[in-house]
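Asker: following is a predicted model, sequence given first.
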Amino acid sequence: MNKKIDNILDNKWWQEVAVVLFSFTIYTLKNDWMLFSSFVSILMGIFFYCILYMHAQFNRFFLLPILFKANKPFTYIILTLFGVFVFSVILYEITMLDMFAKCHLYQNSHQRSYVYQLASVLGTLVCILSPIIVFKFYRIHRKQTDAALLFNQMQLNSLKGQLNPHFLFNTFNTLYGISLQFPDRTPDLIMKVSQLMRYQLESNSKQCVSLEDELEFINSYVQLEKERVGYRCDITFENKVDNEYTYKISPMLLIAFIENAFKHGTCAIEKCFVTITISVENGLLHLHVANSIPKKNDVISTKIGLKNTIERLNLIYGKDYKLDIKDDKQTYIVDLEIQLKKFVG
């Protein structure tokens, strides 16, 4: 139903019909057409309305551009007043013709006065131009909104395209490290990696996925990292969600922060740790990621994943999210809060 209404509002012809019906209704009520019993009077009324409508269209196509395009409001006001004066004189002279003597239209003395015709011209102009201008700005706003949404979607797709190779590179690095230390476990790990890749490819074309699927993906990735460095690194992953089945989230939005923790927090031989906590209460998701920082860090970071994720957060949530990153040279902490939407599907 809403889509049909939007189509009508976007259609210029339907808008013109709506303007005519609105202004014609006001015009008939003003002239009390309920008292007209003559078909000729009705035709004369339509004739007078057509003159008023022509005046409004003249203002619309010849004078309004002076206001909007040339940006000359004073010139527009002067020409508009002149046009109102000319058309009101024309209407007044027409009502004085003998052919309207037997017409029930404009029989009252005040209706035949010049002031009445002036008010009719000015009032009809306002009744016609007002909705036309409103529709015009509606179309402009709708066009700008659609363009902004399209641009944002293109940016998001571009960021996803950059993020996917980045994640793929890091995952295969993890698989390579495990295969060197535990070659007998390589087949099972390849299967796990293929499942991660499948989720990544399937979710790439979606704007949102269920929180349940995203948490399962994160859990699989953490388990893969435990296979690689769990013997020398204290890894903790906890998630507490009030009802994960009812929420949706942009796919692979959180994984960059978790990847970063494993990449920099497990590169040292000495005791290290990675702590990941995800909680959701009343739709508010809180991601807490903490990792140790080795005294000597030989890992070269391009920070592409983090940069892209922050840009995605800005595009999706604008200012409606909180991201706090702390680095005290011993511990790297990320706290992210975003308000999730309900999942329907």
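Answerer: Alright, I've got the coordinates.
Asker: domain-wise, how is the protein divided?
Answerer: 2-144, 147-342 (automatic domain parsing).
Asker: what segments of the stretch 101-250 of the chain are strands?
Answerer: Counting by DSSP state E, counting those that start in this stretch, the stretch 101-250 of the chain has strands at residues 209-210, 233-241, 247-249.
Asker: mean neighbour count and distance to Asn291 for those - can I get that in a markdown table?
Answerer: For the C-beta atoms, the positions are set from N, CA and C on the backbone; glycine is no exception. Rendered in a markdown table, the data for these read as follows (neighbours: other C-beta atoms under 10 Å; distance: least, C-beta to C-beta, whole Å):
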| stretch | mean neighbour count | distance to Asn291 |
| --- | --- | --- |
| strand 209-210 | 18 | 26 |
| strand 233-241 | 15 | 9 |
| strand 247-249 | 21 | 22 |
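Asker: of all those strands, which one is nearest Val280?
Answerer: Taking C-beta to C-beta, strand 233-241 is the member of the strands of the stretch 101-250 of the chain nearest to Val280, at 4.2 Å.
Asker: for the closest one, packing partners?
Answerer: Other elements packing on strand 233-241 under the criterion 3 or more C-beta pairs under 8 Å, 6 or more residues apart in numbering; DSSP states H and E are helix 211-229, strand 272-281.
Asker: of all the ones you listed, which lies closest to Thr186?
Answerer: Shortest separation from Thr186 across these is recorded for helix 211-229, at 10.3 Å, computed as C-beta to C-beta.
Asker: and that closest one, what does it pack onto?
Answerer: Identification of packing neighbours for helix 211-229 by 3+ C-beta pairs under 8 Å, 6+ apart yields helix 114-181, helix 186-204, strand 233-241, strand 247-249, helix 255-265, strand 272-281.
Asker: now for the ones you listed, which one comes closest to Leu67?
Answerer: Distance to Leu67, taken as C-beta to C-beta, is lowest for helix 114-181 among these, at 9.8 Å.
Asker: point out where the chain drops to low pLDDT.
Answerer: Residues of the chain that meet the criterion pLDDT under 70 lie in 1-11, 27-41, 98-112, 143-171, 204-205, 244-245, 268-269, 297-305, 343-345.
Asker: one more pass at 50, please.
Answerer: Segments of the chain classed as low confidence (criterion: pLDDT under 50) are 1, 33-35, 158-159, 162-163.
Asker: burial count for Val17?
Answerer: Counted with other C-beta atoms under 10 Å, the burial measure for Val17 works out to 12 neighbours.
Asker: how near is it to His55?
Answerer: As for Val17, its distance to His55 is 19 Å (criterion: C-beta to C-beta, to the nearest Å).
Asker: Thr309 too?
Answerer: The gap separating Thr309 from His55 is 58 Å, by C-beta to C-beta.
Asker: what does stretch 332-345 rub up against?
Answerer: Residues lying outside stretch 332-345 but in contact with it, judged by C-beta atoms under 8 Å, 6 or more residues apart in numbering, are 208, 210-211, 245-249, 254, 257, 260-261, 264-265, 280, 283-293, 313, 317, 320-327.
Asker: any of those buried? List them.
Answerer: The neighbour count (16 or more other C-beta atoms under 10 Å) marks 208, 210-211, 246-249, 254, 257, 260-261, 264-265, 280, 285, 287-293, 313, 323 as buried among the contacts of stretch 332-345.
Asker: from Asn59, how far out is Ile77?
Answerer: Using C-beta to C-beta, one obtains 11 Å as the distance from Ile77 to Asn59.
Asker: looking at these two, which is more packed in?
Answerer: The residue with the greater number of neighbours, taking Ile77 and Asn59 and applying other C-beta under 10 Å, is Asn59; the counts read 21 against 13.
Asker: on that earlier part again, can I get the helices and strands packed on strand 233-241 in a markdown table with distance to Val121?
Answerer: Below are the helices and strands packed on strand 233-241 laid out as a markdown table (distance: least, C-beta to C-beta, whole Å):
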| stretch | distance to Val121 |
| --- | --- |
| helix 211-229 | 62 |
| strand 272-281 | 63 |
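Asker: pretty sure Pro294 is in a strand, no?
Answerer: No: using DSSP: H, G, I helix; E, B strand; the rest coil, the secondary structure at Pro294 is coil, not a strand.
Asker: now do the contacts for it.
Answerer: Here Pro294 is in contact with His264, Cys267, Ala268, Glu270, Cys272 (C-beta under 8 Å, 6+ apart).
Asker: for the second one, which three-state class applies?
Answerer: Put plainly, it is Cys267. In terms of secondary structure, Cys267 is coil; the call rests on three-state DSSP.
Asker: dump the residue contacts of Met191.
Answerer: The contact partners of Met191, taken as C-beta under 8 Å, 6+ apart, number zero.
Asker: for Asn71, which three-state class applies?
Answerer: Secondary structure of Asn71, per three-state DSSP, is coil.
Asker: burial measure for it, as a count.
Answerer: 9.
Asker: and it, how far from Ser130?
Answerer: For Asn71, the distance to Ser130 under the criterion C-beta to C-beta works out to 20 Å.
Asker: for Ile276, same thing?
Answerer: Distance of Ile276 to Ser130, given as C-beta to C-beta: 58 Å.
Asker: again with Ala119
Answerer: 16 Å.
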